[in-house]
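# quick one: sequence plus predicted model below, questions after.
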Amino acid sequence: MNIADIRTDYARAALDEEHTDADAVRQFTRWWDEAMSAQVREANAMTLATADADGRPAARTVLLKGYDERGFVFFTNYLSRKGRELEANPRACLLFFWPELERQVRIDGSVQRASEAESDEYFRSRPLTSRIGAWASPQSEVIASKAWLLARAAEMGLRHGVAPTRPPYWGGYRLTPAAIEFWQGRPSRLHDRLLYTRSDRGWDRARLAP
């Protein structure tokens, strides 16, 4: 099949101002709850886009691990490429794509590290193998081989036992949203797009052309 011929016509739902919440985070909760009810696979998977100090962009998929009115939280190695980019340029964009619901959510904002207590709490909740993996992997660095990584994981398992503490270079980030866009696929590519922008009044809402 020709790549140019691949297309989907969306018609599952509409997104109207009168049926959305005036608060962007509460509207996200509505859609999140619907994604959970629809059993969207890995609904918490989101693209994280960053840029370095020179403006060179990068994107990768990470997992949302919590959110509230303060922002959206994910965890990673602070020394990874994304960690270094966020240190140099602490702004980012998150993108959720839920094809089962024909929806996207894009979130732009500033990023700060989560508290050490929050990072410690989440780290303790991870499976043991994931906690060992955080010690074993020099994330984003060139390594000699897969065998080296497996040997490193075995070494860290022996060194840290069944209750490894959080590595000092690993923890959470919170993106505080300045803007949240809700996208609902519609027929004929006339998609619904509502953009919420944070202001002194709370959230301003506007419709964007598709």
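Good, I have the coordinates.
# stretch 172-192: which residues count as buried?
Of the residues in stretch 172-192, 172-175, 177, 179-186, 191-192 count as buried by neighbour count, 16 or more other CB atoms under 10 Å. For glycine as for every other residue, the C-beta is placed from the backbone atoms N, C-alpha and C.
# cool, stretch 125-136 as well?
By neighbour count with 16+ other CB under 10 Å, stretch 125-136 contains the buried residues 126, 131, 132, 133, 134, 135, 136.
# likewise for stretch 108-119?
Under the neighbour-count criterion of 16+ other CB under 10 Å, stretch 108-119 has 108, 109, 111, 113, 114, 118, 119 buried.
# tell me which of those is nearest to residue 102?
Among the buried residues of stretch 108-119, residue 108 lies closest to residue 102 (CB to CB), at 21.8 Å.
# how about that closest one: what's its closest non-neighbour residue?
The shortest distance from residue 108 to any non-neighbouring residue, by CB to CB, 6 or more residues apart in numbering, is to residue 179 (4.6 Å).
# what sits against that neighbour?
Shown in contact with residue 179 (CB atoms under 8 Å, 6 or more residues apart in numbering): 107, 108, 109, 195, 196, 197, 198.
# partner residues bridging the residue most central in space within the chain?
In the chain, the residue lying closest to the centroid (CA atoms, centre = their mean) is residue 46, at 3.9 Å. Beta-bridge partners of residue 46, counted by DSSP bridges, are residue 62.
# what's near enough to touch it?
Here residue 46 is in contact with 61, 62, 63, 64, 74, 94, 95, 96 (CB under 8 Å, 6+ apart).
# just checking: what are the partner strands of the top strand by length along the chain?
Longest strand of the chain, by residue count under DSSP state E: strand 170-184. Strand 170-184 has the following strand partners under DSSP bridges: strand 71-77 (antiparallel), strand 103-113 (antiparallel), strand 192-199 (antiparallel).
# let me have those in JSON lines, extended by mean pLDDT and distance to residue 209.
Formatted as JSON lines, those follow (pLDDT from 0 to 100; distance: least, CB to CB, whole Å):
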{"stretch": "strand 71-77", "mean pLDDT": "98", "distance to residue 209": "26"}
{"stretch": "strand 103-113", "mean pLDDT": "98", "distance to residue 209": "15"}
{"stretch": "strand 192-199", "mean pLDDT": "98", "distance to residue 209": "8"}
